Every structure is written in C-alpha cells, then in structure tokens.
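In: Have a look; sequence and predicted model below, questions after that.
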Amino acid sequence: MEVILREDVANLGQKDDVVVVKPGYGRNYLIPKGLAILATESQKKIHSENLRQRAHKEAKLKDAALKIAAQLENKKVSIGAKISSTGKIFGSVNAIQIAEAIAKKGIEIDRKAITIPGDSIKEVGDYVAKIKLHREVIIDLEFTVTGE
C-alpha cells in the first residue's frame, strides 16, 4: 500500500514522502491519525503540483532574503544606551533594540530572527548578532553599543 506522508513519521519518512507500508499499518494507524493519505493517482498528481508550487514560493522567499542580506552586508549598527560611571548599561540591549536600529536604516527585520550571544548585552562594546532571514540565509551583523 502506497501512502503520502502528511507529517514526519519516525523510522518511516519525512513529510511529503511517498512510501510503501503494510496495508494494516496504513489503514489502521497512519490514515486514521491523519499522518498519511492514500496515494491514488489523483492524489499523486495533486501532491506533485503542491510540491512544485511550494518550491516556487520557497525560491521567491529565498531571493527576497538574499536581497536583504546584500543590503545588510558590511553595515554596522550603533545602539545608544544609558550607562553608569563603571561602564555598565542600565537595563540591557536586546533583539528589539537591534531591530529598531536596523529599521532606522530602512530595512525591516523581525526581532525573532535576531539572535544575540547571551540573549542580552549589559556592557558597552562591539558585538555580533546572527540574523536568520531564511533557513538557508543566515548573516552576521556587527553592532556597537555606545553610551549616551
């Protein structure tokens, strides 16, 4: 019995794989749980069309991410923060402030895509944040935390 997986199934395959399973396993477990659908000729055609459309959308998203990455390449962002006399920051610098500083340069980035070493920064200095624009496009952004 051939089935098309709708989700990842351990020891069987990944989502969207067409796999051959024993009829009882497919009929009694995979299909009722919604983990797979029966792979008829019409379902295979629909499945291949969906994969083609998904690949096209994915390519567009990757191209947009590469354009943003090209804009951010070799740019440095400066973030001002209030500091004490010892050089410590009152509060901390986090991904939200980095996203706002990048937005001032005219590039909108979701704050959830930004990862900072140690989650937050509490001292003045130069740092590097990783920005995940796409699952295949991850860039490093240098930023400086300065005192106001």
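Out: Sure, I can see it. Since the model is a prediction, treat every value here as computed from it, not as a measurement. Numbers count the residues shown, from 1 in each chain.
In: check contacts around residue 108.
Out: residue 102 (CB atoms under 8 Å, 6 or more residues apart in numbering). Heads up, the C-betas are built off the backbone N, CA and C, glycines and all.
In: For this structure, which segments are assigned as helices?
Out: 23-25, 41-72, 95-104 (DSSP state H).
In: Make sure residue 99 is actually in contact with residue 112.
Out: No - counting by CB atoms under 8 Å, residue 99 stays clear of residue 112, with 9.0 Å between them.
In: How about residues contacting stretch 128-138?
Out: Residues outside stretch 128-138 that contact it (CB under 8 Å, 6+ apart): 61-62, 65-66, 68-69, 72, 95, 98, 109, 113-117, 139-143.
In: Kindly recompute the last result at 10 Å.
Out: Applying CB atoms under 10 Å, 6 or more residues apart in numbering, the external contacts of stretch 128-138 come out as 58, 61-69, 72, 77, 93, 95, 98-99, 102, 109-110, 112-117, 121, 139-143.
In: Residue 147 versus the residue sitting furthest away from the middle of the chain, what's the distance?
Out: Within the chain, the residue lying farthest from the chain centre (CA atoms, centre = their mean) is residue 85, at 39.1 Å. Distance from residue 85 to residue 147, counting by CB to CB, to the nearest Å: 10 Å.
In: do the same with residue 37
Out: 60 Å.
In: do residue 106 as well
Out: Distance of residue 106 to residue 147, computed by CB to CB: 26 Å.
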